[in-house]
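J.: Quick one, structure for this:
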Amino acid sequence: MRAFVIKGFIYLLGLITISLGISLTINAELGAGAWDAMNVGLAETFGLTVGNWVIIIGGILIVTNALIAAERPDLLAVITIIIVGKMIDFWLITAFTNMEVIGWFYQVITLVAGIFIIAAGVALYLQPKFSLNPIDNFMVALQKRFGLSLTISKTITEAFALILALFLGGPIGVGTIIILVFIGPFIQFLDPKAEKVMNRLLAS
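T.: The predicted structure follows:
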């Protein structure tokens, strides 16, 4: 039971951290990640908040992933989309409501900080090996169904979101490319450190 509580805490902390990083990349206004830009575009085009669209798109993906992989829907993934969606709205609407990032230097600093924080959150939330968020599961579902490599599957899912973001007028820019290039290496760098943190907590 103690181990489950510790893992649950790390999982929750990771999701909250991811939402903080996403909000910073959006506020940097240099271009958000493809999925985040798509959600911003949906919010600006159809109304509702960015966080609500995270939840709606996540719900659609949970069903889609199950159909693609011919498996039962991962209903526990609902937890991930609700936490991330609600926390993104908290950061954007409440915590950062008066945040203005002016000038290229501060925009780049905010963007890189956001990327690093997203990577830290991903590294944390992966450690307990609970349900993946629906976007990550979309990549896995394509891999399982069509025998693709994870790299190709990831490229397909990102391209899909990027096209929709462009169509919806979402914030696509140089920051989108920077996120695409650096998010993977940051996660790889932080993953073993997050594993050590969890193992230390479990052993204490």
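
J.: What is the strand or helix carrying N199 packed up against?
T.: Per DSSP states H and E, N199 falls inside helix 174-203. Helices and strands touching helix 174-203, by 3 or more CB pairs under 8 Å, 6 or more residues apart in numbering; DSSP states H and E, are helix 2-28, helix 34-46, helix 104-126. For every residue, glycine as well, the C-beta is placed using N, CA and C.

J.: if you set the cut-off to 6 Å instead, what comes out?
T.: Here helix 174-203 touches helix 2-28, helix 104-126, going by 3 or more CB pairs under 6 Å, 6 or more residues apart in numbering; DSSP states H and E.

J.: Okay, buried residues for that helix please.
T.: By neighbour count with 16 or more other CB atoms under 10 Å, helix 174-203 contains the buried residues 175-176, 178-180, 182-183, 186-187, 190-191, 194, 197-198.

J.: Give me the distance from stretch 151-169 to the chain's centre.
T.: 14 Å (CA atoms, centre = their mean, to the nearest Å).

J.: and it, average pLDDT?
T.: Computed over stretch 151-169, the mean pLDDT rounds to 89.

J.: Just the CA atoms of it, as CSV, please.
T.: Taking C-alpha atoms only, stretch 151-169 is exported to CSV below (Å, rounded to 0.1, in the frame of the first residue of the first chain):
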residue,chain,number,x,y,z
THR,A,151,9.9,6.7,-34.0
ILE,A,152,7.7,6.4,-37.1
SER,A,153,4.5,6.1,-35.0
LYS,A,154,5.5,9.2,-33.1
THR,A,155,6.2,11.1,-36.3
ILE,A,156,2.8,10.2,-37.7
THR,A,157,0.9,11.3,-34.5
GLU,A,158,2.9,14.6,-34.3
ALA,A,159,2.3,15.3,-38.0
PHE,A,160,-1.4,14.6,-37.6
ALA,A,161,-1.6,17.2,-34.7
LEU,A,162,0.6,19.7,-36.6
ILE,A,163,-1.7,19.6,-39.7
LEU,A,164,-4.8,20.2,-37.5
ALA,A,165,-3.0,22.9,-35.6
LEU,A,166,-2.1,24.7,-38.8
PHE,A,167,-5.7,24.3,-40.1
LEU,A,168,-7.1,25.8,-36.9
GLY,A,169,-4.6,28.6,-36.7
